[in-house]
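Visitor: Sequence and computational prediction follow.
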Amino acid sequence: MATSHQASGIQAARLDAAGIAENFSDLHPAYDAHEAAVAADRCYFCYDAPCMTACPTSIDIPQFIREIQAGHPDSAAKTILEQNILGGMCARVCPTETLCEEVCVRETAEGKPVEIGRLQRYATDTLMEKGAHPFTRAATTGKKIAVVGAGPAGLAAAHRLAMLGHDVVVYDAKTKAGGLNEFGIAAYKSTNDFAAREVDWLLQIGGITMDYGKKLGEELSLDGLTSGYDAVFLSIGLAGVNALRSPGEDKDGVRDAVEFIAELRQAEDLTALPVGRNVVVIGGGMTAVDAAVQSKLLGAENVTIAYRRGREDMGASRFEQDLAASKGVKLMFNVMPKAVLGNGAAAEIELEYTDVTDGKVSGTGETVRLAADQVFKAIGQTLEGQPDALELEGRKIKVSDTGRTSMAGVWAGGDCASGGEDLTVTAVAEGRDAAMDIHSSLMG
Amino acid sequence: MADLTTEFLGIKSPNPFWLASAPPTDKEYNVRRAFEAGWGGVVWKTLGAEGPPVVNVNGPRYGAIWGADRRLLGLNNIELITDRPLQTNLEEITRVKKDYPDRAVIVSIMVPCEEQAWKDILPQVEATGADGIELNFGCPHGMAERGMGSAVGQVPEYIQMVTEWCKKYYSKPVIVKLTPNITDIRNPARAANAGNADAVSLINTINSITSVDLDSMAPEPTIGGKGTHGGYCGPAVKPIALNMVAEIARDPQTHGLPISAIGGVTTWRDAAEFMALGAGNVQVCTAAMTYGFNVVKEMISGLSTWMDEKGYTSTQDFIGMAVPNVTDWQYLDLNYVTKAKISQDDCIKCGRCYAACEDTSHQAIAMSEDRVFTVKDDECVACNLCVNVCPVENCITMVEVPAGQIDERTGEVVSGDYANWTTHPNNPSATAAE
């Protein structure tokens, strides 16, 4: 018997298994062949296509859609994967509405872009369902490269390096590869264990050894890596989480959103995953939306996203905001946490309204209290555990356009490195480009 | 609502939309459905001589090509003439005509090129009360191998001969249906005219193979691993049909010979175009086969609306109006100068005009860093390719350079005077302008 929405506190089983299964089904179900043909027919095969320019991995989108039109989804997949080896995951998680699809000329023409993301998924799913891996390794170079962090950047770098004939060891602090693909993002974007299946598929290239439970600064040191390998690629992500710095942050029921999402993604049975009756998520990015929507889908009665700036500044796209709203999440703008209240466990949160002047946020003094037995902090992640020897830029490892750090022989990419948005697709591009640079510097 | 009543060869029908001789008109059942949907007339599917009927293949009879969203653009068939007994067809025709006296019922006929064969069938057809006959000299597949269909239509002397027989043994209008599988459509039309045909109808289908199955390595439609050429029709053939209709309409020898136009008519506009080029009415098949008989409703309302907008009260008002404007290339005005113009408001920045012009034409479109596409008047030859490849209708238009202005490409002032190739200095056989 499921616990009701109204049961107070943090409770498991607010929904039964059927309700959970329905709520966590694929956000954008895969196209069948007919749907793909109809969608592909809408592509105009633009010259110097804006979608391709907008793609951080520069996938030749008109080409792959034309290959779908011409009856060769496998070739379309290869076109995608040549540029973006995680094209399957990117097809699911890319904010296409702010990338390729935003600039599609049919968005301009009719307000309805070619559904590039779903077509990409159709192509890559078709290929991956066959278990086929379209790439082969070049003759071995004898060079050994260490990759630290098995997230999108690390996997993309490892694959490219392996394909070029290098031997790669990928270390990860966790016991599973995938990084945020596996432990972050919303479950309804990566159904049927896709992240893990994609990693297995990627590793078919050969030449990549996975080594789990190894963390930089603990089991691994940069000195050890640089002396043991011909090159090192760091893709350690952002392991730290920003604090609220508000009274009551230590109360039971207040936790990091990333931790909740990771737990949710790894849960065997979502009916067993507890969630609050009244959930408040602090933040405005994708993590905030993912935590809020999934709380709602788990059966929370009231879920609110509280963001300290206006809608237009929100890191999550309008599509994601609307998705949250459609699931029943309330979006509050221009409010910041002042205190979490409750006797031991959180019961209420006090928010203060804000003004934003010249980009600076200040409290107006007016406050509001919301019931909150669970508070998720989603106010950004920070670099943690990076080697002291590396120069930083802002709060990230300083890198060149091709991922070179301040230390010879060490490259970095993904969320831990400077430049680019913190997106899966950006991480893939950075990993790939660093791999190419490592290759040319080693093979000179 | 404009009155669409059409009189063609003295045969009245409530509108100029007839169903062509084809599967949709093979049986009483279909024809009754067609008349109920509003079709003005039918040409009954071709009857053969008395005796055992022809047989059709039992595998696929049709092949097709498609445009975006699998919109059917061209259809091909290898079906033969009616495979039902002659008497069955004659009885059904008699019944249908009796029940629908206001609709045109024409009977298509194909019998061997022997006078006796025509002498035998024509009185039987006459007895049905049908309004006229159409001689199937057009089908390019199957029957042509037996010396009928397009095998007759490709020999003007046979056309004339058979037409004369029909005029001798049949009292009502005789329409000769022409095959497009010839080099010059005017010759068979002249032969029909010489044989005293009351009208010609065209085009019949075009010889074709629609595709090849790359696994079985056989043409489509494939019957037991083999295929044969079939007759091609549908929207894809309309331009070919328009030209052939126009050629007959403007040929001094056949000018004024009534024409029933066939070839890809899908909407009212197609019909209006054929009629502007001289057709007295149109016949439709593929549109009905693709969408069902109800397509005629749009044809009727669309043509009527357009006529109202233009102030035409009868189809006679516009039939043939475009014929005087069909001319030979040599008479086109070489002093008429246009330039492409891109509407920046309508442009969606796909760049197809740029790719087409830059790669395959005259490098006359500029592309800026921020994807603004503009025409270079000093390079534009006004070829119209950009207009044709642009996905947005009327985004790119051809704008006339008025007389007195400089054509930036040639540096010359545009003359307002008409001048054609016959008087052009580069023409070795030019005659001096008067």
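Guide: Alright, I've got the coordinates. Residues are numbered from 1 along each chain as shown, chains lettered A, B, ... in the order given.

Visitor: check which helix or strand covers residue A:438.
Guide: Using DSSP states H and E, residue A:438 sits within helix A:424-443.

Visitor: May I see the buried residues of that helix?
Guide: Neighbour counts over helix A:424-443 (16 or more other C-beta atoms under 10 Å in any protein chain shown) mark A:424-439, A:442 as buried. Just so you know, the C-beta spots here come from the backbone N, C-alpha and C atoms, and that holds for glycine as well.

Visitor: Next, residue A:320: secondary structure please.
Guide: Put simply, residue A:320 is helix when judged by DSSP: H, G, I helix; E, B strand; the rest coil.

Visitor: Thought residue A:286 was touching it, still the case?
Guide: Yes. Checked against C-beta atoms under 8 Å, the pair residue A:320 and residue A:286 is within contact range at 6.5 Å.

Visitor: Near chain B, which residues of the stretch 51-200 of chain A are found?
Guide: Residues of the stretch 51-200 of chain A lying close to chain B (C-beta under 8 Å from any C-beta of the partner chain) are A:105-106, A:108-109.

Visitor: which one of those is nearest residue A:55?
Guide: Using C-beta to C-beta, residue A:105 is the member of those that lies nearest residue A:55, at 14.9 Å.

Visitor: Quick one: residues contacting residue 30.
Guide: Looking at chain A here, since you left the chain open. Contact analysis of residue A:30 by C-beta atoms under 8 Å, 6 or more residues apart in numbering or on different chains lists A:118, A:121-122, A:125.

Visitor: should've been chain B
Guide: Residue B:30 sits next to B:23-24 when contact means C-beta under 8 Å, 6+ apart.

Visitor: Roughly how far does it sit from residue A:440?
Guide: The gap separating residue B:30 from residue A:440 is 71 Å, by C-beta to C-beta, to the nearest Å.

Visitor: The helix holding residue A:438 - contacts with which helices or strands?
Guide: Counting contacts by 3 or more C-beta pairs under 8 Å, 6 or more residues apart in numbering or on different chains; DSSP states H and E, helix A:424-443 is packed against helix A:87-93, helix A:152-163, strand A:231-234, strand A:410-412.

Visitor: C-terminal to the lengthiest strand in chain A, which secondary structure element comes first?
Guide: Ranked by residue count and defined by DSSP state E, the top strand of chain A is strand A:360-371. Counting by DSSP H and E, the next helix or strand C-terminal to strand A:360-371 is strand A:374-378.

Visitor: so who does the residue of chain B found nearest chain A touch?
Guide: Across chain B, no residue is closer to chain A than residue B:351, which sits at 3.1 Å (C-beta to the nearest C-beta). Contact criterion C-beta under 8 Å, 6+ apart gives A:46-49, B:367, B:371, B:373 as the residues in contact with residue B:351.

Visitor: what residue ranges in the chain score low on pLDDT?
Guide: Going with chain A. Under the criterion of pLDDT under 70, the regions of chain A flagged as low confidence span A:1-2.

Visitor: Chain B was what I was after
Guide: By pLDDT under 70, the weakly predicted segments of chain B are B:431-434.

Visitor: circling back: out of the contacts of residue B:351, which sit inside strands?
Guide: Those of the contacts of residue B:351 mapping onto strands are B:367, B:373, per DSSP E.

Visitor: Between residue A:320 and residue A:286, which contacts overlap?
Guide: Residues within reach of residue A:320 and of residue A:286 at once, by C-beta under 8 Å, 6+ apart, are residue A:95.

Visitor: could you flag which of the contacts of residue B:351 are buried?
Guide: In those, burial by neighbour count holds for A:46-47, A:49, B:367, B:371, B:373, counting by 16+ other C-beta under 10 Å.

Visitor: Generate a markdown table for these, with distance to residue B:278 as supplementary columns.
Guide: Below are the buried ones among the contacts of residue B:351 laid out as a markdown table (distance: C-beta to C-beta, whole Å):
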| residue | distance to residue B:278 |
| --- | --- |
| A:46 | 41 |
| A:47 | 41 |
| A:49 | 45 |
| B:367 | 44 |
| B:371 | 45 |
| B:373 | 40 |
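
Visitor: For residue A:119, the count of nearby residues, please.
Guide: Neighbour count of residue A:119, defined by other C-beta atoms under 10 Å in any protein chain shown: 26.

Visitor: Find the nearest non-adjacent residue to the residue of chain B closest to chain A, please.
Guide: With C-beta to C-beta, 6 or more residues apart in numbering or on different chains as the criterion, residue B:351 has its nearest non-adjacent residue at 3.1 Å, and that residue is residue A:47.

Visitor: isn't the one you found right up against residue B:349?
Guide: No. Using C-beta under 8 Å, residue A:47 is not in contact with residue B:349, being 9.5 Å away.

Visitor: returning to what we had before: now for the buried ones among the contacts of residue B:351, which pair is the farthest apart?
Guide: Using C-beta to C-beta, the buried ones among the contacts of residue B:351 reach their maximum pairwise distance at A:49 and B:373, which is 14.0 Å.

Visitor: Residue A:125: what's its closest spatial neighbour, skipping adjacent residues?
Guide: In space, residue A:125 is closest to residue A:30, 5.7 Å off (C-beta to C-beta, 6+ apart).

Visitor: To clarify, my last question referred to residue B:312.
Guide: Among residues not flanking residue B:312 along the chain, residue B:318 sits closest, at 5.3 Å (C-beta to C-beta, 6+ apart).

Visitor: what do you get for residue B:357?
Guide: Leaving out its chain neighbours, the residue that sits closest to residue B:357 by C-beta to C-beta, 6+ apart is residue B:365, at 4.3 Å.
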